[in-house]
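Visitor: predicted structure and sequence below. I'll ask about it afterward.
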Amino acid sequence: MSYLVGVSAVMAVFLVAVVGFLASRAWKGYAPGGSADSSMLRSLKGSPLVWVLSFLLVVVAVAASVVVFVSGTAAQQAVVSVVLVGVGVLLLVGYVGYGTFTSSRARGHTNAVAAMLSAWALGALLLFAITASLLLA
C-alpha cells in the first residue's frame, strides 16, 4: 500500500509543478496566420483520399497480422504480437506527437514552440506509461 501512496505522491508533486508553471507563465496573444505556399506534400497531407487510403492500408495490415497471430505457429505468433504492439505504440505516439505539433502550428505558434509542446505531450504520455507500469507490476 505504501508503494501506491509513494507513486501517487510523485504524480501529485509533478501535477502541482506543471500547474504552477503554466499558471505563472505570461501567455501572449497571437493571431493565427496561414502560409501562402502550397507544396506537393502540403496538398497530399490535406487530401482526404490520401488519409482514407492510408487508413485502409493500416487496417488491412493489422487484419492480416491478426489472422497470422490466430492461425500461425508459436514463433509466428510471438513475432506478430511484437509487431502489433509496436504498430499500436507507433500510431499512438505519432497521433499525439504530430497532432500536438500541427494543432499548435494552426494556433499560430512557431515551429520551436510547437515542437516543445509536442515533446511535452509525448513526455507526459511516457510518464503515464511508466506510472501504469509501476501500478500494474
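Guide: That came in fine, so what should we check first?
Visitor: how many residues are close by the closest residue to residue 72 other than its chain neighbours?
Guide: If the residues on either side of it in the chain are set aside, residue 72 comes closest to residue 80, at 6.6 Å by C-beta to C-beta, 6 or more residues apart in numbering. The C-beta positions use only the backbone N, C-alpha and C, and glycine is treated the same way. Neighbour count for residue 80, taken as other C-beta atoms under 10 Å: 18.
Visitor: same thing with residue 64?
Guide: Quick note: residue 64 (other C-beta under 10 Å) scores 11 neighbours.
Visitor: what's around residue 73, how many residues?
Guide: For residue 73, the number of neighbouring residues by other C-beta under 10 Å comes to 9.
Visitor: ok, now which ones touch it?
Guide: When contacts are counted by C-beta atoms under 8 Å, 6 or more residues apart in numbering, residue 73 is found next to no other residue.
Visitor: and the helices in this structure?
Guide: In the chain, the helices defined using DSSP state H lie at 2-24, 40-45, 48-71, 74-106, 111-136.
Visitor: got the buried residues for the longest one?
Guide: If I follow you right, that is helix 74-106. The neighbour-count criterion (16 or more other C-beta atoms under 10 Å) identifies 80, 84, 97, 100-101, 104-105 as the buried residues of helix 74-106.
Visitor: what is that helix packed up against?
Guide: Packed against helix 74-106 by the contact rule (3 or more C-beta pairs under 8 Å, 6 or more residues apart in numbering; DSSP states H and E) you find helix 48-71, helix 111-136.
Visitor: looking only at pLDDT, what's the mean for that helix?
Guide: Per-residue confidence for helix 74-106 averages out to 89 on the pLDDT scale.
Visitor: from residue 79, how far off is the residue of the chain most remote from its centre?
Guide: Among the C-alpha atoms of the chain, the one most distant from their mean position (C-alpha atoms, centre = their mean) is that of residue 73, at 32.3 Å. With distances defined as C-beta to C-beta, to the nearest Å, the gap from residue 73 to residue 79 amounts to 10 Å.
Visitor: need the residues that contact the worst-scoring helix or strand of the chain on mean pLDDT.
Guide: The helix or strand with the lowest mean pLDDT-type score in the chain, counting by mean pLDDT, DSSP states H and E, is helix 40-45 (a mean of 76). Taking C-beta under 8 Å, 6+ apart as the criterion, the residues outside helix 40-45 that touch it are residue 50.
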